[in-house]
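Asker: Fold the stuff below for me.
(one chain, ligands or ions: 1)
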Amino acid sequence: MTAALQMTGVAADLGGRPVLRDVDLRLDAGDFTALLGPNGAGKTTLMRAALGLLPLRAGTVSTASAGYVPQRHEFTWDFPASVQDAVLSGLVRRIGLLRRPKVAHWQAVWAALDQVKLGDLRKRPVGELSGGQRQRVLVARALVLEPAVLLLDEPFTGLDMPAQETLTDLFTEIARERAVLMATHDLTAAAYTCDRLILLNRTVIASGPPADLKDPEVWMRTFDVGPGSHLLKALDLVGA
Ligand SMILES: Nc1ncnc2c1ncn2[C@@H]1O[C@H](COP(=O)(O)OP(=O)(O)OP(=O)(O)O)[C@@H](O)[C@H]1O
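Answerer: Okay, the predicted model is just below:
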């Protein structure tokens, strides 16, 4: 089976400083994978490299297509667009900036909105949506391209528990037919809900199903913490 995303020996720099080195990973359709690591570990950089937005110093990235949901603060919400216009903006490159969308483009937009369960709100101005609904608009905007892999950069930031749960169910559903990679700081939720975890700190320290990542040492190395860390207790990796 062709991987939805494969990175081999990837190294990338930012501002002349090395950020990623020797990154090897493979994502397949059917897997909901969490990308875990401390601030500055390179999670966003890895996603940008997967999207081809960053020159690689070494290695290769191969994907049929990737969709990206950026951290929410990177998106401007105070413009008077409707929900369906915001989703259509995900197709701009395919349609061409000055061309009019065709019926097939709108049908793809409505299908994506149905998938994130916002079909009823498609004419609503985006400024009137809740935080959780806005996040679902961004997911639809990425899904409209029918990507092989969906990349989610900290999708739960600033959202309440019910909104997080709705999104988690949605991501689980999307991962039935695509690969989903989610950068998150919520380690316990990731360990509970994701099929696989990738522990990243400039390189992949460990990866696999949560049940296979019980060695406290790999978590300590990833997060630069000692054996007394609350992190290990929260993950139930040290004896009580
Ligand atoms: N434009 C830039 N120029 C130089 N260094 C940068 C630039 N952008 C990010 N960095 C550095 O690259 C490293 C990786 O950043 P990145 O945003 O990928 O980490 P992250 O794992 O997503 O972090 P966080 O959890 O805080 O979002 C950090 O040390 C950061 O300071």
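Asker: residues making contact with stretch 11-20?
Answerer: Surrounding stretch 11-20, the residues in contact under the criterion CB atoms under 8 Å, 6 or more residues apart in numbering are 10, 21-23, 42, 45-46, 49, 54-59, 202-203. For glycine as for every other residue, the C-beta is placed from the backbone atoms N, C-alpha and C.
Asker: cool, stretch 208-219 as well?
Answerer: 190-192, 194-197, 199, 205-207, 225, 227, 231-232, 235, 237-238.
Asker: That one: which residues count as buried?
Answerer: For stretch 208-219, the neighbour count (16 or more other CB atoms under 10 Å) marks 210, 213, 216, 218, 219 as buried.
Asker: How many residues are close by whichever residue of the chain sits closest to the ligand?
Answerer: Nearest residue of the chain to the ligand, counting by CB to the nearest ligand atom: residue 15, 3.0 Å away. For residue 15, the number of neighbouring residues by other CB atoms under 10 Å comes to 5.
Asker: What does the pLDDT read for it?
Answerer: The model reports residue 15 with a pLDDT of 92.
Asker: Excluding residues flanking it in the chain, which one is nearest residue 141?
Answerer: For residue 141, the nearest residue in space outside its immediate sequence neighbours is residue 90; the separation is 3.8 Å by CB to CB, 6 or more residues apart in numbering.
Asker: and what of residue 119?
Answerer: By the measure of CB to CB, 6+ apart, the closest residue to residue 119 outside its immediate chain neighbours is residue 113, 5.1 Å from it.
Asker: Shouldn't the one you found be within a strand?
Answerer: No - with DSSP: H, G, I helix; E, B strand; the rest coil as the criterion, residue 113 is assigned helix and is not in a strand.
Asker: and it, how many neighbours?
Answerer: Other residues within reach of residue 113 by the criterion other CB under 10 Å amount to 24.
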